[in-house]
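**Q** whatever this is, show me its structure:
(chains A and B)
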Amino acid sequence: MIIATYVKHVPDAEARLDAAGGRIEVDDHAYALDGMDEYGVEAAVRLKEAGLADEVVALAIGPARAEAALRTALALGADRAVLLETDDELDPLAQAAPLAEATRACGAELLFVGGKQADWDSAALGPAVAEALGWPLCDWTTELRLEAGEVAAVHDVDDGSEDWRAPLPVVVTTQQGLNEPRYPTLPNIMKAKRKPLDRRPLAVPARVVTLDAALPSRARRGVRLEGDAATVASELARRLRDEAKVL
Amino acid sequence: MDFALPDDLVALQHAVRDFARREIAPVAAGLDREPRFPRATLRKMGEMGLLGILTPEAYGGLGLGYLAYAVLLEEIAAADAAHATIASVTNGMPQSLILAHGSSAQRDRWLPRLAAGEAIGAFCLTEPHAGSDAAALRTRARRVEGGYRLDGSKAWITSGGEADVYLVLAKTDPEAGARGISAFVLERETPGLSFGAPERKLGQHAAITTSVRLDDAFVPDDQRLGEEGQGFAMAMSALDGGRVGIAAQALGIARAAFAAAARHADEREAFGRPIREFQGIGFKLADMATRIEAARLLTQRAAWLLDRGRRATKEVSMAKLAASEAAVFVCDAAVQVFGGYGYSADYPVERYLRDARVTTLYEGTSEIQRVVISRQIHRENAR
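**A** The predicted structure is shown next:
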């Protein structure tokens, strides 16, 4: 059984962002494998180590630098990697079809996707690719077992958690608590350089176009509102609506 | 001339930086307040490969060079100086000497355990009255049937009592000065080997440091490293690598202190503005950054030379001298930038200063580095 795991190369927590000319700029060296995707890679590798899968394939969509995320996935235990290479910033809906195709092409029956992407804070990719594949989706998964060709899982729903079960093939999205990802040890990072990594050019139109980007200003007003609760609440609501324009 | 680190090394650096931030940095302050040998993190560092960086892959190490060693040790030190000291000692002397001078059986016996971090190594050269003047050591190794009996005491031994494997320098021939010194490898359980209480130091408290006593300790022939009388030369030849490690450690501490100071200068306001806007603070930060960059370039160049098999005694000493003195300067300046908060244990900079202060003292004092450098200069000019 082959497992595919999607990984994204995202600005890391310490990255400094710049908004120059309407684009977000991040130093190329300030990117890392999305933490959410680490849970997916770890889950896939553990299934392989338990003898329940034969191969783990890491898939990424992005520019050339995204290879680093794939190398990290390889260092964590994936067997081979595929980079669908594009310099365009593709929204999750635009990524769904090529990701579905790549998943099918590698013969996978189980696809892991991070519950949310750290850069755009979007949870759309998992559902979108499940839709494109026509596979059932278990999202916000906290427990996962593979039993006789079926995925048995526990996942979060709005009012608690739910048992979930479906036969393969299945898409699973991850979250914190699914597992404790291992560190890529230095020997494994060095071995990962020799694992196969395929680069395929990707040309699909983005469905979302960024018109402008700016960083929120950090100036603090420091205004103190005086009076009783009702007065303060009403004044606060007025300022939020008329001055800060967030309501 | 390409000043950029090779991409492969950058990948390792990022992995270690991430590991250090998540596993080592969070325990640093607690270990400083309530010191104990950090076995748990050392075990994880061993699994990462960080305790056998230079040892060949055939023995379970990473088989990397000194540039990688310097880069990775700096990352550990930026998270916690004590972890870097323990790692530097176990990586450096015991493993490099056993690798260079051990018999095949000796290498097989000790290197895999040390490289994996299953055993921690210590190095016993210094004695209470013999530090800079190392050749004046008095620990005696008397020839007996099947081996030697060692008697004497060692001082300031990193990981004393905690390490599993001890490389001990002792005099087999007291009349022959430096040429009468031999090297021995002892396991912790050796009868006659005992350890003093942990020294109460200014900083780096988790890097447990003790005296080591040898009372008629028997060491069999197959635990002598190399030939009799070669011990001192062996130790001196391993110094260059050890000094690169300490230079890297000093850089890591300095970097952490500088980052804290720069962040504080951005956030702290006085007279209506962030204090970084005052030249008194800005100039200080500029000086700190410049000295760190200069020391890092010296360190990386020295490591680069060693990796090419070139003699680099002068360059290594310059790197160690520059990095250690820069670290003390930077940490002291960081305390100043923090003002009153710099004096409080609730902020990390006072710990950085206490941790950095020893870097000009061990692995060859600044005075010794200057002796080495001036001698090399003289040698070069004498031609």
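**Q** please count neighbours and contacts with C-alpha atoms only from this point.
**A** Fine.
**Q** so stretch B:2-17, near chain A or not?
**A** Yes - among the residues of stretch B:2-17, B:11-12, B:15 lie within reach of chain A under Cα under 8 Å from any Cα of the partner chain.
**Q** mind listing what's buried in stretch B:193-212?
**A** Buried residues in stretch B:193-212, counted by 16 or more other Cα atoms under 10 Å in any protein chain shown: B:193-195, B:198-199, B:203-212.
**Q** now swap in stretch B:333-343 and tell me
**A** Buried, per 16+ other Cα under 10 Å, within stretch B:333-343: B:333-338, B:342.
**Q** so what's the residue count around B:Arg22?
**A** Neighbourhood size, B:Arg22 [other Cα atoms under 10 Å in any protein chain shown]: 12.
**Q** oh, that last question was meant for A:Asp27, not what I typed.
**A** 11.
**Q** same deal with the one 3 residues further on?
**A** Other residues near A:Ala30 number 16, with proximity taken as other Cα under 10 Å.
**Q** then the one 5 residues further on?
**A** Neighbour count of A:Gly35, defined by other Cα under 10 Å: 21.
**Q** next one: it from chain B, what distance?
**A** 12 Å (Cα to the nearest Cα, to the nearest Å).
**Q** so how far is A:Thr142 from that residue?
**A** Separation of A:Gly35 from A:Thr142 (Cα to Cα, to the nearest Å): 15 Å.
**Q** from B:Met45, how far out is the residue of chain A found nearest chain B?
**A** Chain A approaches chain B most closely through A:Thr185 (4.3 Å), counting by Cα to the nearest Cα. The spacing between A:Thr185 and B:Met45, counted by Cα to Cα, is 9 Å.
**Q** and what of B:Ala134?
**A** Distance from B:Ala134 to B:Met45, by Cα to Cα: 31 Å.
**Q** so between those two, which is more surrounded?
**A** Between B:Ala134 and B:Met45, B:Met45 has the larger neighbour count (other Cα under 10 Å), namely 24 against 15.
**Q** give me the phi and psi for the more buried one.
**A** Note on B:Met45: backbone dihedrals following degrees, to the nearest 10 are phi -60, psi -40.
**Q** that one against B:Leu51, yeah?
**A** Yes - contact criterion Cα atoms under 8 Å: B:Met45 and B:Leu51 qualify, at 6.6 Å.
**Q** I figured A:Ala64 hits A:Leu84, correct?
**A** No - using Cα under 8 Å, A:Ala64 is not in contact with A:Leu84, being 9.2 Å away.
**Q** out of the two, which sits in the busier spot?
**A** Under the criterion of other Cα under 10 Å, the comparison of A:Ala64 against A:Leu84 puts A:Leu84 first, with 23 against 13.
**Q** now for whatever helix or strand the more buried one lives in, which elements pack on it?
**A** Using DSSP states H and E, A:Leu84 maps to strand A:80-85. Packed against strand A:80-85 by the contact rule (3 or more Cα pairs under 8 Å, 6 or more residues apart in numbering or on different chains; DSSP states H and E) you find strand A:55-62, helix A:67-76, strand A:197-201.
**Q** just put these in a markdown table and tack on mean pLDDT and distance to B:Asp173.
**A** Shown next, in a markdown table, are those (pLDDT from 0 to 100; distance: least, Cα to Cα, whole Å):
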| stretch | mean pLDDT | distance to B:Asp173 |
| --- | --- | --- |
| strand A:55-62 | 98 | 62 |
| helix A:67-76 | 96 | 51 |
| strand A:197-201 | 97 | 60 |
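**Q** reformat the ones you listed as JSON lines; add mean neighbour count and distance to chain B.
**A** Formatted as JSON lines, the helices and strands packed on strand A:80-85 follow (neighbours: other Cα atoms under 10 Å in any protein chain shown; distance: least, Cα to the nearest Cα, whole Å):
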{"stretch": "strand A:55-62", "mean neighbour count": "26", "distance to chain B": "18"}
{"stretch": "helix A:67-76", "mean neighbour count": "25", "distance to chain B": "8"}
{"stretch": "strand A:197-201", "mean neighbour count": "15", "distance to chain B": "16"}
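**Q** format these as CSV; extra columns: distance to B:Gly147.
**A** As requested, the helices and strands packed on strand A:80-85 are exported to CSV (distance: least, Cα to Cα, whole Å):
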stretch, distance to B:Gly147
strand A:55-62, 54
helix A:67-76, 46
strand A:197-201, 55
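**Q** which parts of chain A sit against chain B?
**A** Taking Cα under 8 Å from any Cα as the contact definition, chain A meets chain B at A:183-187, A:189.
**Q** just flag the most distant two among these.
**A** A:Tyr183 and A:Pro187 (11.1 Å; Cα to Cα).
**Q** ok, which stretches of chain A are strands?
**A** Under the criterion DSSP state E, chain A contains strands at A:2-6, A:9-11, A:17-20, A:23-26, A:31-33, A:55-62, A:80-85, A:108-114, A:137-147, A:150-157, A:160-167, A:170-174, A:197-201.
**Q** ok, which of those comes nearest B:Asn91?
**A** Across the strands of chain A, B:Asn91 has its closest neighbour in strand A:31-33 (28.5 Å, Cα to Cα).
**Q** could you break chain A into its assigned domains?
**A** Taking automatic domain parsing as the reference, chain A has its domains at A:2-201, A:219-247.
**Q** if we can go back for a sec, closest one to B:Thr365 among the strands of chain A?
**A** Closest of those to B:Thr365 is strand A:31-33, at 40.0 Å (criterion: Cα to Cα).
**Q** what pairs with the closest one, and is each one parallel or antiparallel?
**A** Using DSSP bridges, the strands paired with strand A:31-33 are strand A:9-11 (antiparallel).
**Q** ok, and what's touching the partner strand?
**A** With contacts defined as Cα atoms under 8 Å, 6 or more residues apart in numbering or on different chains, strand A:9-11 is touched by A:26, A:30-34, A:62, A:65-66, A:68-69, A:118-119.
**Q** redo that, cut-off 6 Å
**A** A:30-34, A:66, A:69, A:119 (Cα atoms under 6 Å, 6 or more residues apart in numbering or on different chains).
**Q** B:Val335 against B:Gly342, yeah?
**A** Yes - the pair B:Val335 / B:Gly342 is scored as a contact, 4.3 Å apart, by Cα atoms under 6 Å.
**Q** can you pull the residues that touch both of those two?
**A** Both B:Val335 and B:Gly342 are in contact with B:Val349, where contact means Cα under 6 Å, 6+ apart.
**Q** remind me which residues of chain A are low pLDDT?
**A** Residues of chain A meeting the criterion pLDDT under 70: A:221.
**Q** ugh, typo on my part, it should be the stretch 1-150 of chain B
**A** For the stretch 1-150 of chain B, no range has pLDDT under 70.
**Q** circling back to that earlier point, quick one: which of the contacts of strand A:9-11 is most hemmed in?
**A** Busiest of the contacts of strand A:9-11 [other Cα under 10 Å] is A:Ala69, holding 25 neighbours.
**Q** now it: closest residue in space that isn't a chain neighbour?
**A** A:Leu33 (4.7 Å; Cα to Cα, 6 or more residues apart in numbering or on different chains).
**Q** no further questions, thank you.
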